[in-house]
Each structure stands twice: as C-alpha cells, then as structure tokens.
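1. have a look; sequence and predicted model below, questions after that.
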Amino acid sequence: IYKIMIAIVCCLLAIPTEAQTKAEKNGWRLGMQSYSFHLFPLTEALDKTQELGLKYIEIYPGHKLGGKWGDKVFDFNLDAQTQKEIKELAASKGIKIVGTGVYVAEKSSDWEKMFKFAKAMDLEFITCEPALSDWDLVEKLSKQYNIKISVHNHPQPSEYWKPENLLKAISGRSHLLGSCSDVGHWRREGLNQIDCLKQLKGRIISLHFKDIAPKKAGEKEQHDVIWGTGILDVKGMLKELKSQNFKGVFSIEYEYNWENSVPDIKECIQYFNKTANEIL
C-alpha cells in the first residue's frame, strides 16, 4: 500500500499545475501593480490578486495597508514586525511581493533607507525615477544590496519619458540598472511602443503592461482597455520581448473601471496566456 501511495504522490507531483503556464515556463511572470487597486487597502488588493490567480505583486509606495494595520502605508518607514507580517500575509495567499514603485526620492539620503527596506522585504527590484545627479549613489547601492533598479517612464517632464534619455543615464553602468517599460505612457507621448522596446533591448527589467484606447478629440488621456482590444498591439509587443529573450515581471497596471476592475483584468490575463501560448 505504501508503494501505491508513493506512486500516487509522484504522479500528482508530475502533473503541471494550472498556474504553470507556457509564459511562466518561459520566464514571463505576470503580476499585479497594486496601484490598479489604490481605491482599496493593500489587504484587499492582495485578495483581488489572489482571486485573479496571480502570484506576484509590485506595491506602490504609500499604499494604505488596511486590516489590523489601519492607516499605516507601505514604505520604508514600516517597522520590522509589520514588514514581516505583510510578507507573511502575501505568502499565505500564494503571492510574492517582487517590487515597489514608482518611487521618487525626496532627497539623496533616502536611497539607503529604500534599499534597506527592499532588502528586508526580499524585493527583486525598485521601480523608480532617480534624479540624474543620484546615479552614482543608486548604482553603488544597487550593487551593494543586489537589488535591481527598474526605471519607469512617466510622461514629460519626467527625465525618462523616452528611451534615449534612460540609455544615456545608464550607459556603461551595471546591468542591475534598466527599464520598467510603461508601454502606455510611451504611446501617449507619441512614441511607438514596439520601437521603444527594441531600443531598450538587454536593459528591460520589468514592465507596466497595458493596452490603451485610441485617442479621442477632447480627451486628455487614452484610458486603459482590455488587452488585445486597444491600439498597443499586445501580440506584437510580446513577440518583440520573445525575440529579446526577455525574462521578468509584467506588472498589470489597469487604470480604468477603478471600482470594479477585476472582471476586465481577468480578460487581460486570458488574452496574455492565450497569446503567449501561440507565440512561445
């Protein structure tokens, strides 16, 4: 009977779980950018991430924790006990906190605090927009703590709104430094998102991934839409990332239908997995 039981256990272990998508086998990790749920405390954002079947989350600095922590927020001022409890809460839902961002340092001396916090939270990367004068410090700390710096591209007047600016800042520096490619912001700035990905080949650490609506007269910004239904050519972007042999985190940043975005995000995930299955 023991032999039979062992055989059954071995068979069960050999069955690929539903979560082992072709994308994951290729090193593509689909996760949540918690800003998508900024109307809700982090405790609820983690519940929604679990409901979506996602195993990774990038938490924005300032996300209110909720639950027993009330108005405490996710940032480098969190005490060690709360840090530990938040990690445990995420782990209990099968979720790993992989990064935080978008972080903008108020002063240079805050960088050390941020890296210490990231190390204590077992983060892989800090999504940020460093001051141009801070790059020597940021590179030194990145190497010291072995934490990647993933530079986000907010629209102008951000220093990093176009890839050339980031590449100029990190040229000749450690490959721990690279891009958090926000594909929607590029297009909203009139850039071609696939060309931008090509420019950053070898330097993409993570993405704020999305699809956006066509530009309408009188609209200030093209809002997010379900992936595959907008103008960003999601399949084309994924093909480009495949050709670059990209491995890393796609953070879903869905900035629309704020109060009830889970159904839309479910469709985005389905589209991502279906497309990844076709092209990988």
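-> That came through fine.
2. centre of the chain to stretch 260-269, how far?
-> Centre-to-centre, stretch 260-269 and its host chain are 16 Å apart (C-alpha atoms, centre = their mean, to the nearest Å).
3. mind listing what's buried in it?
-> Neighbour-count burial for stretch 260-269, counted by 16 or more other C-beta atoms under 10 Å, picks out Ser261, Asp264, Ile265, Cys268, Ile269. (C-beta placed from N, C-alpha, C; glycine too.)
4. mind listing which of these are in helices?
-> Asp264, Ile265, Cys268, Ile269 (DSSP state H).
5. now the two most distant members of those residues.
-> Farthest-apart pair in those is Asp264 and Ile269; separation 10.0 Å (C-beta to C-beta).
6. show me where the stretch 101-250 of the chain has helices.
-> Secondary structure of the stretch 101-250 of the chain (DSSP state H, counting those that start in this stretch): helices at 110-120, 135-145, 163-170, 183-188, 193-199, 234-243.
7. helices and strands of this protein: which one has the lowest mean pLDDT?
-> Among the helical and strand segments of the chain, the one scoring lowest on mean pLDDT, DSSP states H and E is helix 2-14, with a mean of 53.
8. what's downstream of that one, the next helix or strand?
-> Per DSSP states H and E, the first helix or strand lying C-terminal to helix 2-14 is helix 22-25.
9. tell me how far the ends of stretch 69-87 are from each other?
-> 13 Å (C-alpha to C-alpha, to the nearest Å).
10. hmm, I was thinking of stretch 209-218
-> End-to-end distance for stretch 209-218, by C-alpha to C-alpha: 25 Å.
11. now do the buried residues in it.
-> For stretch 209-218, the buried set under the neighbour-count rule, 16+ other C-beta under 10 Å, comprises Phe209, Lys210, Asp211, Ile212, Ala213.
12. which outside residues touch it?
-> Contact with stretch 209-218 is made by 182-184, 187-188, 222-232, 234, 237, 250-255, 268, as judged by C-beta atoms under 8 Å, 6 or more residues apart in numbering.
13. mind checking which of these land in strands?
-> Those of those mapping onto strands are Asp182, Phe250, Ser251, Ile252, per DSSP state E.
14. mind checking how far Gly94 is from Lys55?
-> 6 Å (C-beta to C-beta, to the nearest Å).
15. more crowded one of these two?
-> Lys55 (19 against 12; other C-beta atoms under 10 Å).
16. ok, the buried residues of stretch 260-269 vs Lys22, which is closest?
-> Nearest to Lys22 among these is Ile269, at 13.5 Å by C-beta to C-beta.
17. surely the closest one and Lys55 touch.
-> No: with contact defined as C-beta atoms under 8 Å, Ile269 does not count as touching Lys55 (11.8 Å).
18. returning to what we had before: so can I have a markdown table of the ones in strands among the contacts of stretch 209-218 showing distance to Glu88?
-> Output for those, formatted as a markdown table (distance: C-beta to C-beta, whole Å):
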| residue | distance to Glu88 |
| --- | --- |
| Asp182 | 30 |
| Phe250 | 25 |
| Ser251 | 22 |
| Ile252 | 24 |
